[in-house]
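Asks: Next input, structure requested:
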Amino acid sequence: MMTIIPIMYHTCLLIDNNYIDNFINSRLLKRSNFAENIIASQDPREVIKSLRDGIIKPDIIFLDVDMPLMDGFEFLKEYDKIDMDKQFVKIVLLTSSIDPADIKRAEKNKYITKLVTKPLTDKVIEKLIYDQR
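Replies: Residues are numbered from 1 along each chain as shown. Here you go, the predicted structure:
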């Protein structure tokens, strides 16, 4: 059983084309008191627009790699073009990919702070919280 801790983040954004993954991950994050607001989106293009327009101001983003409309790396290219303060935004690449090329791209990307293999679990969330303290 996970220990409930004080809220770590104001706004957590989940970007995954899989509705079920977003639903389960949202529940896990809410249960752990991870963030005050948890927003889930299945469309990274809509997220880019919302970020550009200042509608969403996350301080942590969980980003899937393999998505049909815009993959995680394409999202990061568009994210790079957005004029916003990214200094305190953490991006966790949450993926089922074990492709070494994806791992290498993730390690080289200046915005990705952590690579986590799906599924997101209480133990992974606890480690993310612990790493931030």
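Asks: Which helix runs longest in this protein?
Replies: Criterion DSSP state H: the longest helix present in the chain is helix 19-31.
Asks: On the C-terminal side of that one, identify the next helix or strand.
Replies: Sequence order places strand 35-41 as the next helix or strand after helix 19-31, per DSSP states H and E.
Asks: Pull up the pairing partners for that next one, direction included.
Replies: strand 9-15 (parallel) (DSSP bridges).
Asks: what angle separates the strand it pairs with from helix 19-31?
Replies: 170 degrees (axes from the mean of the first three to the mean of the last three CA atoms, to 10 degrees).
Asks: circling back: and the contacts of the longest helix of the chain?
Replies: With contacts defined as CB atoms under 8 Å, 6 or more residues apart in numbering, helix 19-31 is touched by 2, 12, 14, 16, 35, 38, 40-42, 62, 64, 94, 118-122, 125. No exception for glycine: its C-beta is placed from N, CA and C like everyone else's.
Asks: give me that answer again for 10 Å
Replies: 2, 4, 8-9, 12, 14-16, 18, 34-35, 38-42, 60, 62, 64, 94, 96, 118-122, 124-125, 128 (CB atoms under 10 Å, 6 or more residues apart in numbering).
Asks: Kind regards, and thank you for your time.
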